[in-house]
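Novice: build me a structure from this.
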Amino acid sequence: MATIRDVARLAGVSVATVSRVINQKDSVNPETAGQVLKAVEQLQYEPNAVARGLAGKKMGIIALILPDILNPFFPALARGVEDVAHKKGLTVILGNSDDLGLKESSYIKVLKKKYVDGFIIASNTIREEDVESLRKEGIPIVLLDRGLNTTACPVIRSNNREGAKLAAHHLLGQGCQRIAHIYGPQEFITARERLLGYEEVVQGSKGYSPSLMEPGHFDIDSGRKAVEQLFARHPNIDGIFAGNDLMAIGALKALRERGIQVPEQVKVCGFDGIGLTEITEPELTTVAQPIYEMGRLAAQILLDEIESGISGNSLIELDVTLIPRKSTMKEES
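Specialist: Okay, here's the model as predicted:
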């Protein structure tokens with residue numbers, strides 16, 4: 001396989017010049033650029049980058065890779081991305097990775113060959129070296145919601161730790177003394193931050209115990225099962241903070257099956273702010289992320305990078321909002 005050094009040698013220019021021509025980052029003498037492109041074609045070096053250079057324009061396609069499109073959080077995120085892209089005349093290609101690293105890598109490999117202009121990826125499995133590889137090829141990438149604490153590319157997510165603290169303080173304020181936490185997979189930075197925020201608030205409270213924490217998988221069934229495990233250890237639990245809304249909905253289901261009244265006996269709070277929280281019985285208190293805004297901002301940052309050719313590396317954490325509803329609110333006297 002040809003390398004960039006092979007191209008530079010054949011064209012009689014420096015490696016830096018080849019990089020500038022391929023990535024279109026700086027002006028290059030037209031004659032020199034022609035030599036480089038001819039060498040690129042001859043050596044069949046990096047076909048996706050070549051296509052961009054030969055066409056002299058962007059392809060108008062961005063890739064959005066999400067972990068689980070069945071989770072209502074991610075379609076709302078995708079809508080924010082798609083609306084911005086549509087206004088700019090771009091097409092969005094959607095991939096569902098199922099949080100599988102091999103599937104995600106396969107998507108990236110295939111979509112690069114399809115000449116996408118950039119990637120927005122919500123991923124727990126992406127590696128720093130994958131991000132750096134895309135950057136070196138001149139392909140913009142933005143990490144959304146999940147991902148790395150990286151400085152290699154823009155990362156956009158909510159302030160998960162502060163959101164968890166809001167939830168815990170709210171439950172304490174509603175009179176809860178034994179607050180359980182159903183936490184998400186700890187390989188997800190979002191789940192880790194929410195667990196840490198919960199612990200920061202409740203560790204000093206009278207009813208705190210490490211056994212009030214139970215793992216889940218960010219889905220309804222794991223929330224239901226977590227309640228069974230928690231009540232087997234602590235039948236006197238009076239508050240539950242679930243690490244996402246789907247687990248909170250599962251918790252409501254389990255409590256109803258046990259004949260436990262919400263919010264009279266146990267108060268329940270979720271995290272995300274998905275639409276389903278408005279139609280549960282009772283309506284679910286939640287820490288709402290600005291889901292649409294996160295998607296919109298990710299798309300805008302990606303498009304700015306595509307248009308300018310300038311790569312950023314910022315970490316942006318958006319504020320969250322507690323939405324109190326019937327699942328936690330005291331009855332008015």
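Novice: so where is this protein shaky, pLDDT-wise?
Specialist: The chain contains residues with pLDDT under 70 at 1, 23-26, 46-58, 114, 147-151, 331-333.
Novice: which residues in it form helices?
Specialist: Ranges of helices in the chain, per DSSP state H, are 4-11, 15-23, 30-43, 47-55, 73-87, 101-113, 128-136, 160-173, 189-202, 220-233, 245-257, 291-308.
Novice: wait, which of these is closest to T328?
Specialist: The closest of the helices of the chain to T328 is helix 160-173. By C-beta to C-beta, the value is 6.5 Å. Using the backbone N, CA and C atoms, a C-beta is placed for each residue, glycine as well.
Novice: pull out the buried positions in that closest one.
Specialist: 160-168, 170-172 (16 or more other C-beta atoms under 10 Å).
Novice: with distance to L144 added, can I get the helices of the chain in a markdown table?
Specialist: Shown next, in a markdown table, are the helices of the chain (distance: least, C-beta to C-beta, whole Å):
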| stretch | distance to L144 |
| --- | --- |
| helix 4-11 | 30 |
| helix 15-23 | 23 |
| helix 30-43 | 32 |
| helix 47-55 | 22 |
| helix 73-87 | 7 |
| helix 101-113 | 13 |
| helix 128-136 | 13 |
| helix 160-173 | 13 |
| helix 189-202 | 11 |
| helix 220-233 | 23 |
| helix 245-257 | 18 |
| helix 291-308 | 5 |
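Novice: report the two of the buried residues of helix 160-173 separated the most.
Specialist: Taking C-beta to C-beta, no two of the buried residues of helix 160-173 sit farther apart than N160 and L172, at 18.9 Å.
Novice: tell me the centre residue of the chain?
Specialist: Centroid-nearest residue in the chain, with C-alpha atoms, centre = their mean: D145, separated by 2.3 Å.
Novice: can you pull the contacts of that one?
Specialist: 77, 122, 156-158, 190, 294 (C-beta atoms under 8 Å, 6 or more residues apart in numbering).
Novice: distance of it from I182?
Specialist: As judged by C-beta to C-beta, to the nearest Å, D145 and I182 stand 19 Å apart.
Novice: D99 too?
Specialist: Taken as C-beta to C-beta, the span from D99 to I182 is 18 Å.
Novice: repeat that for V15.
Specialist: Note on V15: its distance to I182, by C-beta to C-beta, is 52 Å.
Novice: the more surrounded of these two?
Specialist: Set side by side, V15 and I182 show more neighbours around I182, with 30 against 13, by other C-beta atoms under 10 Å.
Novice: now the more buried one: how far from T328?
Specialist: Counting by C-beta to C-beta, the separation of I182 from T328 is 15 Å.
Novice: likewise A2?
Specialist: 62 Å.
Novice: comparing those two, which shows the higher neighbour count?
Specialist: Neighbour count, other C-beta under 10 Å: between A2 and T328, T328 has more, with 27 against 14.
Novice: show me what contacts the more buried one?
Specialist: Applying C-beta under 8 Å, 6+ apart, one finds that T328 lies in contact with 170-171, 174, 239, 263, 267-269, 285.
Novice: can you list the residues you listed in JSON lines and add distance to E199?
Specialist: What follows is the contacts of T328, written out as JSON lines (distance: C-beta to C-beta, whole Å):
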{"residue": "H170", "distance to E199": "16"}
{"residue": "L171", "distance to E199": "14"}
{"residue": "Q174", "distance to E199": "19"}
{"residue": "G239", "distance to E199": "14"}
{"residue": "P263", "distance to E199": "23"}
{"residue": "K267", "distance to E199": "19"}
{"residue": "V268", "distance to E199": "19"}
{"residue": "C269", "distance to E199": "15"}
{"residue": "T285", "distance to E199": "20"}
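Novice: which one of the residues you listed sits closest to L230?
Specialist: The closest of the contacts of T328 to L230 turns out to be G239 (C-beta to C-beta; 11.1 Å).
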